[in-house]
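Asks: The amino acid sequence is not available; the structure is as follows:
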């Protein structure tokens, strides 16, 4: 079907430029072989010849990825990528939402899986879920990164840690599933991308070796996570948003569009002007336990505020996914 000798030489000549374009578009390395194969086919292949059969594929049809010639092309291009990037191509990006839990006044990373995969038809399909809360069989303390010795904890201490892990994991899952279910125009997409970023960075700052000055600057991520959520709702529902930082004013405007959480919860967060002074290091490091309560409040606010603009509820859905037809059997 394909002359592998000549195809390999053409791939070696053309792929560096195609790969550079995909890199500039910030396509993840693990996804590039497929995109490169599709771009290669659409840009460089004129017709396919298989023995006496010769035809011009419909390159705009999604069906081309199910054809044998595309599978052969993909395998050659994937081989080129393995030769160029080596083990880096095998490093899959974990589907997790990153948070933290405070144990004995010490922050520990919590990596919450946002997808649950179970076997389907052997060798053919898998079941994929995007749960918005914890499943019955899950123990969120298992998602702590390098945890303390939980077995040596007293029963009340372990119960407290478990409850807080469940709370934070559930909010993180719910937020991430809601973000996936929002059909957004570009401005709204910018805000929901901001929500995802600021929610995770609010935890990551705290986990950076507890260097001096980290905690006050982390507060700004809390501010921005809430602010982006409110502004996403206002933009989606009314077509505009006010360029302000005051969460109380943003809340009052968003409340007209179905926000059900009460504004009094915002009193648990520093006012935005305090956030600014913290951001620029103009105050001493706040206590980590005070930040922890603000962080948990932020998760609760963001999860509730996003609810009115979710158009696709994935939390209860289960998807049976077939093996990609272009992969080698």
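Replies: Structure's in. What do you need? From a predicted model like this one, the values you see are computed outputs, not experimental measurements.
Asks: All the helices of the stretch 51-200 of the chain, residue numbers only.
Replies: 68-85, 155-180, 186-204 (DSSP state H, counting those that start in this stretch).
Asks: Find the nearest non-adjacent residue to residue 165, please.
Replies: residue 140 (3.9 Å; CB to CB, 6 or more residues apart in numbering). From N, CA and C alone the C-beta is placed, and that goes for glycine too.
Asks: and that neighbour, how many neighbours?
Replies: 23 (other CB atoms under 10 Å).
Asks: per-domain residue ranges of the protein.
Replies: 4-90, 96-309 (automatic domain parsing).
Asks: Using a markdown table, lay out those domains together with mean pLDDT and distance to residue 315.
Replies: Shown next, in a markdown table, are these (pLDDT from 0 to 100; distance: least, CB to CB, whole Å):
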| stretch | mean pLDDT | distance to residue 315 |
| --- | --- | --- |
| domain 4-90 | 85 | 25 |
| domain 96-309 | 91 | 3 |
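Asks: Comparing those domains, which comes out most buried?
Replies: domain 96-309 (a mean of 17; mean count of other CB atoms under 10 Å).
Asks: start to end distance for that one?
Replies: By CA to CA, to the nearest Å, the extent of domain 96-309 from end to end equals 23 Å.
Asks: Run through the helices of the stretch 201-329 of the chain in chain order.
Replies: Going by DSSP H, counting those that start in this stretch, the stretch 201-329 of the chain shows helices at 214-238, 247-254, 272-279, 288-306.
Asks: To residue 132, which of those lies closest?
Replies: Judged by CB to CB, the one of the helices of the stretch 201-329 of the chain that comes nearest to residue 132 is helix 288-306, at 9.3 Å.
Asks: So which elements touch the closest one?
Replies: If contacts are counted by 3 or more CB pairs under 8 Å, 6 or more residues apart in numbering; DSSP states H and E, helix 288-306 sits against strand 96-103, helix 155-180, helix 186-204, helix 214-238.
Asks: Need those in JSON lines (columns: distance to residue 73).
Replies: Below are these laid out as JSON lines (distance: least, CB to CB, whole Å):
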{"stretch": "strand 96-103", "distance to residue 73": "33"}
{"stretch": "helix 155-180", "distance to residue 73": "31"}
{"stretch": "helix 186-204", "distance to residue 73": "32"}
{"stretch": "helix 214-238", "distance to residue 73": "40"}
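Asks: what's the closest of those to residue 18?
Replies: helix 186-204 (26.0 Å).
Asks: Could you list every helix and strand that that closest one packs against?
Replies: strand 96-103, helix 155-180, helix 214-238, helix 288-306.
Asks: Out of these, which is closest to residue 79?
Replies: strand 96-103 (29.8 Å).
Asks: Run the angle between the closest one and helix 155-180 for me.
Replies: Following axes from the mean of the first three to the mean of the last three CA atoms, to 10 degrees, one obtains 150 degrees for the angle between strand 96-103 and helix 155-180.
Asks: who does strand 96-103 pair up with?
Replies: strand 106-113 (antiparallel) (DSSP bridges).
Asks: How far off centre is the partner strand?
Replies: Its chain's C-alpha centre and that of strand 106-113 lie 16 Å apart, by CA atoms, centre = their mean, to the nearest Å.
Asks: re earlier: I'd assumed residue 164 was in contact with the residue nearest to residue 165.
Replies: No. Using CB atoms under 8 Å, residue 140 is not in contact with residue 164, being 9.0 Å away.
Asks: What residues does the residue nearest to residue 165 make contact with?
Replies: 110, 112, 134, 162, 165, 166, 168, 169 (CB atoms under 8 Å, 6 or more residues apart in numbering).
Asks: so which of the residues you listed comes closest to residue 246?
Replies: Once CB to CB is applied, the member of the contacts of residue 140 that ends up nearest residue 246 is residue 168, at 26.6 Å.
Asks: what sits against the closest one?
Replies: 99, 100, 101, 110, 112, 140, 296, 299.
Asks: how much space is there between the fourth one and residue 171?
Replies: If I follow you right, that is residue 110. Separation of residue 110 from residue 171 (CB to CB, to the nearest Å): 11 Å.
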